[in-house]
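Asks: Structure for this input, please:
(2 chains)
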Amino acid sequence: MPYISNTDRDRREMFAKIGVKDFDELIQAIPEKFRLKDGLKLDKAMSELEITNKIKSQTCKNICSNSMNSFLGAGVYDHFIPAAVDSIVSRPEFYTAYTPYQAEVSQGTLQFIYEYQSMICELTGMEIANASMYDGASAVAEAILMAVRKNKLEKAILPATLNPEFVKVIKSYTESVDIELLTVPASGGVIDLKALQAMMDDTIGSVVLQSPNFFGSIEDAKAISEIVHSQEGCLLIAAVDPISLTILNAPSEYDADIVVGEGQALGNSMYMGGPLFGFFATKLSMSRQMPGRIVGGTLDVEGKRAFALTLQAREQHIRRAKATSNICSNQSLCTLAATVYMSLMGRDGLKEAAIQSAQKAHYLADELSQIKGISLKYEAPFFKEFVIQTPVPAARIIEEMLPRGIYAGVELGKSELMIAVTEKKQKTELDEYIQAMKEVCNV
Amino acid sequence: MSKNIFEHSSPGRKGVALPPRDTDIFLDKIIPQKYHRQKSARLPEVSELEVMRHYIELSHKNHFIEKGLYPLGSCTMKYNPKIHETLVRHTCFANLHPYQPESTMQGALELLYELQKDLAEISGMAAVTLQPAAGAQGEFTGIKIIEAYHKSKGNTHKTKIIIPDSAHGTNPATCHLVGFDVVELKSDAQGRCDIARLRELVDENTAGFMLTNPNTLGLFETHVEEISEIMHSVDALIYMDGANMNALMGIVQPGKIGFDIIHYNVHKTLSTPHGGGGPGAGPVGVVEKLIPFLPVPMVAKNEDCYYLDYAHQETSIGKVHTFYGNFAVLVRAYIYIKMLGAEGLRRVSENAIINANYLMAIIKDYYHIQHLEYCMHEFVADGTWQKKANGVSTLDIAKRLLDKGFHAPTVYFPLIIPEAMMIEPTETESLASLNAFATAMIEIAQEAKENPGLLHDAPLTTPVRRVDDVRAVKHLDPIFKIEE
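Replies: Okay, here's the model as predicted:
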């Protein structure tokens, strides 16, 4: 039997030591009638070779982005990942370790989390970050819950420009505890500032902004922040693309109170959208309201630098029903990938990835706009993703691009297509897309 | 002492280079100046070799499965097969985008469809969602389903959920997150739910009951039938925390003995790696009447293809994850089930139980055990003899184990056992390694008598000595201060 070391002889020896004659004696606490009589109905066990063949035949039915010219985004992005990332992440020392509860034999994990927290704070300009949430969506949801803990105001404003999948998850997390979600409408693909201004009053606990937003547009975060903070005690939650932060305002520059986002783009493969990881950072003054694990620097008894889980009194294993969140397992290994990725890309490399993504996206947007019948849906500045209006149904474009080896983008409306570009795209691939678009649109 | 990665940084040094730019568009032209970041993010500037050396140096400071036994109770630290890692990294898994047309990910959808079915069979439930990203999010999903069920029946008065005092902290935390009041149920002298007390607690306002089975003492909750009767008589639902499913595969199907909802921790039971704290996955199974409330989408199949099914959107609790859950983790669980099959999974649970009982049979002569009966996959010993006789705490014992090359058990949990040491060896450990661990425990019991100071000082041989976690709170230092 794979992965079980005990032989029949071992079992007999163990039964003798325990003082039972067979296995059934050990499970006498399970009432007879509860026990499964006929065994589970599952496929016959496969050997390693057989499962390898089965998986191969299954993967053959998938057509991955590597064999296609893909322009899909909408929350998950195909950025370049240096080979060294997987070389570290695939070390059993990291991936078969448990949560670092015994600090003395977990310094490897604890230190990389500390480094990860430091990098997230450097990117966002915040003062403290946790060790991760499940994804960007649950990170925004937890940020709203944290804001309520902080100011006891149970209304939150979400923008119409927020990722709609995030909105669904936020609803799941907030509706049961009577948090009222309001939506500020968009104008020109970004938050309608006047409408926001009109909605603000002293019952609003937090306002979420996503920038670049779901449509790729950059929000006027400074103007939004001024409106939000004109209401005393109201908290600004910024959901951001971490790679964009090397060229766009750090959320601290517009005084965001809680900064969250989807971290997958930092060195993690797409894997059909999971695992992802949510980053979560804020100001020190709110550290005790934060959800999730946090690692802190400290000393050992000999005065040597060491790391440990800290502020654990917030967490479920200590505080139980009064914990700040129920999260236990997080997305630790994904943050290891992010940490190694950010180290390898470094200060200039990550910025270069952001610049090239933006450049290529704008080149494509410019060229597509030249095609008769195609226009950019929004005028607002964008980063690496944008929406076009199409002369033929977007669904038809997607369908007809497929045999040309292209994932054309995400359909947002009948004649709206959202297109994402990263630094991985070569100019020839962009030109191929432009040509294909001309053909599909019959011009 | 290791430097941190920022301390290796040197201005201008590069880890990787991107290709030269092939479009000449100026940033200022496309993004207005007012949106430009003012001060550069000071990420490390290090070479690839420095990055590799640094993180490999860190890796050497971890305990991990391949290094030695990892007896954390309720965590199921079993060996993680390497074939999982090889197969999951196939480009046609790793580079799938969630918004690809369904026709281009039939293989992935087929795999998820089969996994939904297999997990339903193992738990005896009618259907399973794969969406929750971890066990605690599975609990959240399950409790949301309880809420939705009662809402659909107009049961607005059902505001409380009963949870035994031996439960994991995530249980009460989850109920609170969904807005339920938590009522704690004391355990009886046999370490199980106190049924008489339960009858007193249950009333018309009871929405549900959360029960870990086997419980955190490693004991099967024998009164499931009575519990089911009591709860269902007031239309309350019974949630099974499946953290300890490693004891039950092929032996008991929870869905067939009265439980309405269950979550799996696939990173425990189905041998996907713990990753230093995640990612896991927390699929949730439900009985027939609760299917309409499962998150969307499910993976479904028609005559010729697999598809993402949003049909029950209106009754569903909605979504808990941006996309479809932790796909890469689920692939590993799928491979595990396919390789073990029905008989193999039963052997897993049998051997998990045998290994735990064998260890307990040796250790019981040296450490106090409150509930001395045959255990399931884990048991709880404690350090009360040592504490009383030698002034040595469970923490001291745990730290001394680290010196002997083992990870410590889960300590000071469950809360109802003073000085608790919750020990779960798992089925992947051999007789020889169980003996080695038992020997270490016996040696420590001896050391406690002869040289308690040694235990107070432990650990002596680990990368750092005992870590001051009080200081970590008092002098909060969550990020590295980068010098200009």
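Asks: tell me the contacts of the closest residue to B:Lys78 other than its chain neighbours?
Replies: The spatial neighbour of B:Lys78 that comes closest, neighbours along the chain excluded (C-beta to C-beta, 6 or more residues apart in numbering or on different chains), is B:Thr426 at 4.1 Å. Just so you know, the C-beta spots here come from the backbone N, C-alpha and C atoms, and that holds for glycine as well. B:Thr426 makes contact with B:Thr76, B:Met77, B:Lys78, B:Tyr79, B:Asn246, B:Ala352, B:Asn355, B:His377 under the criterion C-beta atoms under 8 Å, 6 or more residues apart in numbering or on different chains.
Asks: Check B:Ala126 too.
Replies: Residues counted as contacts of B:Ala126 (C-beta under 8 Å, 6+ apart) are B:Ala120, B:Gly255, B:Gly285, B:Val286, B:Val287, B:Glu288, B:Ile291.
Asks: Please check these and keep the buried ones.
Replies: Using 16 or more other C-beta atoms under 10 Å in any protein chain shown as the burial test, the contacts of B:Ala126 include B:Ala120, B:Gly255, B:Gly285, B:Val286, B:Val287, B:Ile291 as buried.
Asks: what about chain A, any weak spots by pLDDT?
Replies: Scanning chain A for pLDDT under 70 picks out A:1.
Asks: for stretch A:168-185, how far is the first residue from the last?
Replies: Start and end residues of stretch A:168-185 are separated by 17 Å (C-alpha to C-alpha, to the nearest Å).
Asks: close to chain B, is that stretch?
Replies: Yes. Stretch A:168-185 is in contact with chain B by C-beta under 8 Å from any C-beta of the partner chain, via A:Lys168, A:Val169, A:Lys171, A:Ser172, A:Tyr173, A:Ser176, A:Val177, A:Asp178.
Asks: any idea which of the residues you listed is the one closest to B:Pro409?
Replies: For the residues of stretch A:168-185 next to chain B, the residue nearest B:Pro409 by C-beta to C-beta is A:Tyr173; the value is 33.7 Å.
Asks: Look up how far B:Val464 lies from that closest one.
Replies: According to C-beta to C-beta, to the nearest Å, A:Tyr173 stands 38 Å off from B:Val464.
Asks: and what of B:Ala41?
Replies: From B:Ala41 to B:Val464 the distance is 30 Å (C-beta to C-beta).
Asks: And B:Pro478, by the same measure?
Replies: 18 Å.
Asks: before we move on, back to that, may I see the ChimeraX selection of the buried members of the residues of stretch A:168-185 next to chain B?
Replies: Per 16+ other C-beta under 10 Å, the buried members of the residues of stretch A:168-185 next to chain B correspond to this ChimeraX selection:
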select /A:168,169,171,172,173,176
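Asks: Turn the residues of stretch A:168-185 next to chain B into JSON lines, including distance to B:Lys364 and secondary structure.
Replies: As requested, those are arranged in JSON lines below (distance: C-beta to C-beta, whole Å; DSSP: H, G, I helix; E, B strand; the rest coil):
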{"residue": "A:Lys168", "distance to B:Lys364": "51", "secondary structure": "helix"}
{"residue": "A:Val169", "distance to B:Lys364": "47", "secondary structure": "helix"}
{"residue": "A:Lys171", "distance to B:Lys364": "51", "secondary structure": "helix"}
{"residue": "A:Ser172", "distance to B:Lys364": "46", "secondary structure": "helix"}
{"residue": "A:Tyr173", "distance to B:Lys364": "45", "secondary structure": "helix"}
{"residue": "A:Ser176", "distance to B:Lys364": "45", "secondary structure": "helix"}
{"residue": "A:Val177", "distance to B:Lys364": "46", "secondary structure": "helix"}
{"residue": "A:Asp178", "distance to B:Lys364": "50", "secondary structure": "coil"}
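Asks: First-to-last residue distance for stretch B:308-323?
Replies: End-to-end distance (C-alpha to C-alpha), stretch B:308-323: 11 Å.
Asks: tell me the SS of B:Asp241?
Replies: Of the three states, B:Asp241 takes strand under DSSP: H, G, I helix; E, B strand; the rest coil.
Asks: how about the nearest residue to it, chain neighbours excluded?
Replies: Spatially, and ignoring its direct neighbours in sequence, B:Asp241 is nearest to B:Thr212 (4.1 Å; C-beta to C-beta, 6+ apart).
Asks: That neighbour contacts B:Thr170, correct?
Replies: No. Counting by C-beta atoms under 8 Å, B:Thr212 stays clear of B:Thr170, with 10.2 Å between them.
Asks: Would you mind telling me which of those two has more residues around it?
Replies: Comparing B:Thr212 with B:Thr170 by neighbour count (other C-beta atoms under 10 Å in any protein chain shown), the higher total belongs to B:Thr170, at 29 against 22.
Asks: check contacts around the spatially closest residue to that one that is not a sequence neighbour.
Replies: Excluding the flanking residues, the one nearest B:Thr170 by C-beta to C-beta, 6+ apart is B:Ala136, at 4.4 Å. Contacts were defined as C-beta under 8 Å, 6+ apart; by that measure B:Ala136 touches A:Gln316, A:Asn326, A:Ile327, A:Cys328, A:Ser329, B:Thr170, B:Ala173, B:Thr174, B:Gly282.
Asks: what's the closest of those to A:Leu196?
Replies: Each of these was checked against A:Leu196 using C-beta to C-beta; the closest is A:Ile327, at 30.5 Å.
Asks: Wait, a helix at that closest one?
Replies: No. Read with three-state DSSP, A:Ile327 is coil and lies in no helix.
Asks: Wait, it touches A:Pro291, no?
Replies: Yes. If you go by C-beta under 8 Å, A:Ile327 and A:Pro291 touch, sitting 5.9 Å apart.
Asks: Three-state assignment for B:Asn220, please.
Replies: Careful, residue B:220 is Phe; it's not Asn. On the basis of three-state DSSP, B:Phe220 is classed as coil.
Asks: now swap in B:Val183 and tell me
Replies: strand.
Asks: burial count for it?
Replies: By other C-beta under 10 Å, 17 other residues sit near B:Val183.
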